[in-house]
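# Below is the structure, and that's it, no one-letter string:
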Ligand SMILES: Nc1ncnc2c1ncn2[C@@H]1O[C@H](COP(=O)(O)OP(=O)(O)O)[C@@H](O)[C@H]1O
Ligand SMILES: CC(=O)OP(=O)(O)O
Ligand SMILES: [Mg+2]
């Protein structure tokens with residue numbers, strides 16, 4: 001009997017990092033995981049962790065660009081016996097951030113798919129180029145295994161037109177594909193499903209607000225497993241306050257900075273995407289550091305935290321209204337899973353909506369999905385760890401399986 005290939009390598013290429021994980025999909029176990037960070041910068045490093053093995057950190061290999069980073073990752077995997085031409089490999093799954101309106105499902109990558117992802121670079125300048133480098137390098141390393149793109153935007157394509165459209169001239173919007181796409185969809189899909197499981201209900205029967213708070217952050221309103229609204233828009237800049245991005249602002253801020261401060265469009269782009277959000281407000285984008293500074297009475301850190309959590313609360317209120325009935329609010333990603341102070345502040349004063357957290361549950365560290373609201377609360381508040389890599393592996397594996 002020949003064994004069907006059952007392994008999936010997942011690549012998540014970010015603007016300055018590459019994350020990778022190798023799964024055995026027979027039991028969804030992780031065979032290896034790694035991260036290459038600060039690519040092209042001083043201090044670039046690769047951290048590779050084999051399942052059950054010793055973590056290895058490499059700073060001695062040159063990591064000038066994403067191609068080098070992926071080759072170095074392939075070498076680390078090969079050193080553990082996981083070669084990229086291994087016949088047990090069923091697919092390589094890629095996170096692709098912007099899929100426009102065209103890609104609503106995971107898609108096997110062809111030249112034509114690559115050309116379409118390339119065409120979307122202007123609406124995802126920080127993300128799609130890195131995703132494309134990941135795809136091209138993986139194709140060079142193994143041209144035979146199916147490569148699958150899993151799009152951040154796909155889960156949001158169910159948004160109704162009235163949530164997806166901006167109120168601007170329709171002809172201009174259509175000519176340039178200006179509309180709200182939404183991102184982090186793989187995480188919103190996975191977390192909303194896991195939240196339904198935690199509630200012991202069918203996903204079709206529950207309404208969930210998902211708050212994905214990582215470096216990039218977004219909220220979504222999910223009704224019966226379908227996304228009906230999300231906070232990111234044409235690009236991942238709209239919505240919540242993020243590590244380095246402003247989130248919602250009056251668009252006239254851009255005209256003002258151009259006319260009054262003499263800044264170019266590119267300079268304003270960098271300002272809003274890289275020098276705003278938490279880092280712009282207080283100089284730090286790591287919530288751990290901000291929390292430490294707040295305890296010392298640092299006023300800038302306190303204000304940054306207040307702005308961040310106030311914006312969250314506004315989105316919770318908005319999506320409560322959008323959904324009409326909310327069964328659960330789920331916090332996920334680096335900040336959402338770990339920062340009890342952010343969770344508490346985001347729902348403070350919402351007891352009238354049935355939204356409240358139990359202090360002990362909220363501050364007790366845990367790892368799996370768990371409730372942080374009291375037993376009696378009418379809306380469940382939960383911490384539900386995301387796993388974008390496993391979700392990408394599952395979708396890619398399902399697509400290529402006979
Ligand atoms: N223990 C913690 N307490 C508070 N914040 C944390 C903690 N651990 C991680 N974070 C936050 O999570 C962020 C990264 O989230 P993550 O989901 O890994 O981001 P991304 O995948 O977008 O790079 C960090 O910038 C940091 O602010
Ligand atoms: C779309 C997006 O914001 O992604 P990330 O959080 O990985 O930057
Ligand atoms: Mg993440």
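On my side now, so go ahead. From a predicted model like this one, the values you see are computed outputs, not experimental measurements. Ligands and ions are numbered 1, 2, ... in the order given.
# Around ligand 1, which positions in the stretch 201-350 of the chain sit nearby?
Contact residues, the stretch 201-350 of the chain versus ligand 1 (Cβ under 6 Å from any ligand atom): 214-216, 243, 285-288, 333-335, 338-339. C-beta coordinates here come from the backbone N, C-alpha and C atoms, glycine included.
# Closest one of the residues you listed to residue 169?
Taking Cβ to Cβ as the measure, residue 169 lies nearest residue 216 of those, at 28.8 Å.
# now, the most widely separated pair of the residues of the stretch 201-350 of the chain next to ligand 1?
216 and 288 (17.4 Å).
# And these two? Which one has more around it.
residue 216 (24 against 12; other Cβ atoms under 10 Å).
# Make sure that one is actually in contact with residue 152.
No: Residue 216 sits out of contact with residue 152 when judged by Cβ atoms under 8 Å, with a separation of 9.6 Å.
# And whatever residue of the stretch 151-300 of the chain ends up closest to ligand 1, how far from residue 286?
For the stretch 151-300 of the chain, the residue positioned closest to ligand 1 under Cβ to the nearest ligand atom is residue 214, at a distance of 2.7 Å. Distance of residue 214 to residue 286, computed by Cβ to Cβ, to the nearest Å: 11 Å.
# With residue 49 instead?
Taken as Cβ to Cβ, the span from residue 49 to residue 286 is 21 Å.
# So for the two, which residue has more residues nearby?
Just comparing residue 49 and residue 286: by other Cβ under 10 Å the higher neighbour count belongs to residue 49, 17 against 14.
# residue ranges for the helices of the stretch 301-402 of the chain, please.
333-338, 340-347, 359-363, 388-400 (DSSP state H, counting those that start in this stretch).
# Return the set of buried residues in the last one.
Buried residues in helix 388-400, counted by 16 or more other Cβ atoms under 10 Å: 388-397, 399-400.
# Also the third one?
Across helix 359-363, burial judged by 16+ other Cβ under 10 Å covers 361-362.
# picking up where we left off before, can you list residues touching both of residue 216 and residue 152?
Common contact partners of residue 216 and residue 152 (Cβ atoms under 8 Å, 6 or more residues apart in numbering): 183-184.
# Report the closest residue of the chain relative to ligand 2.
residue 216 (2.4 Å).
# who are the neighbours in contact with that residue?
183-184, 232, 236, 242-243, 245.
# For burial, what's the neighbour tally of the one residue in the chain that gets nearest to ligand 1?
Nearest to ligand 1, among the residues of the chain, is residue 334, at 2.0 Å (Cβ to the nearest ligand atom). Applying other Cβ under 10 Å, we find 17 residues neighbouring residue 334.
# Give me the pLDDT for residue 1.
Reported pLDDT at residue 1 in the predicted model: 44.
# next one: residue 215
Model confidence at residue 215 (pLDDT) stands at 89.
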